[in-house]
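Chemist: Have a look at this fold, sequence not included:
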């Protein structure tokens, strides 16, 4: 495998999983503020699959109704919801299947126990690469999902175009 690419050079799309936002907490939390500042300083927008948004969209009791932390991030422009991938494309469906298989093997779970949001990360990665992104920086707190997306893209002709960044490590680096 080649050296990792610089996630701040060229056309890099940043995809994030729910775990990153859950780990940051509410808008008043310093981790949330640090993530927002990180996005602004690096002029990047985190792209999330619809399934990730659905996971995060439920307003916690202490949130202002209709204004969850993820909605605040979307309104501020540093997070956006990806367009729905074309699941009829062979690469999209193969990559999703490969991620599901990878996670099941590495976590000793059956494939039907794998969260659909985990495979959606891979589908969005393929979509963004096909739309012109040179590379993907995938930020998730789920190591199996991150490694699975990297392996699946590599197995489907998209090697060296995705980098997995552990969300907990990113939070530690920016706070």
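Modeler: That came through, no problem. Note that this is a predicted model, so its numbers are computed, not measured.
Chemist: Pull the number of nearby residues for the nearest residue to residue 77 once chain neighbours are set aside.
Modeler: Closest residue to residue 77 apart from its sequence neighbours, by Cβ to Cβ, 6 or more residues apart in numbering: residue 45 at 6.8 Å. Where C-beta positions appear, they are placed from N, C-alpha and C, glycine not excepted. Neighbour count for residue 45, taken as other Cβ atoms under 10 Å: 16.
Chemist: I figured residue 45 was touching residue 76, is that so?
Modeler: No. Under the criterion of Cβ atoms under 8 Å, residue 45 makes no contact with residue 76, lying 10.1 Å away.
Chemist: Now do the contacts for the residue nearest to residue 77.
Modeler: 14, 39, 77-80 (Cβ atoms under 8 Å, 6 or more residues apart in numbering).
Chemist: biggest separation within the residues you listed, which pair?
Modeler: Farthest pair in these (Cβ to Cβ) is 14 and 77. Separation: 13.4 Å.
Chemist: okay, those two: which has more neighbours?
Modeler: With neighbours defined as other Cβ under 10 Å, residue 14 and residue 77 compare such that residue 14 has more, 23 against 10.
Chemist: ok so the more buried one is a strand residue?
Modeler: Yes. Under the criterion used here (DSSP: H, G, I helix; E, B strand; the rest coil), residue 14 sits inside a strand.
Chemist: I figured it was touching residue 44, is that so?
Modeler: Yes. In this structure residue 14 lies within contact range of residue 44 using Cβ under 8 Å: 5.1 Å.
Chemist: which regions of the chain lie under the pLDDT threshold?
Modeler: 1-10, 58-67 (pLDDT under 70).
Chemist: quick one: the helices in it?
Modeler: All helices of the chain, identified by DSSP state H, fall at 18-24, 30-41, 50-56, 69-76, 90-107, 116-130, 143-155, 167-174.
Chemist: what's the most buried one of those?
Modeler: With neighbours taken as mean count of other Cβ atoms under 10 Å, those reach their highest mean count in helix 116-130, at a mean of 24.
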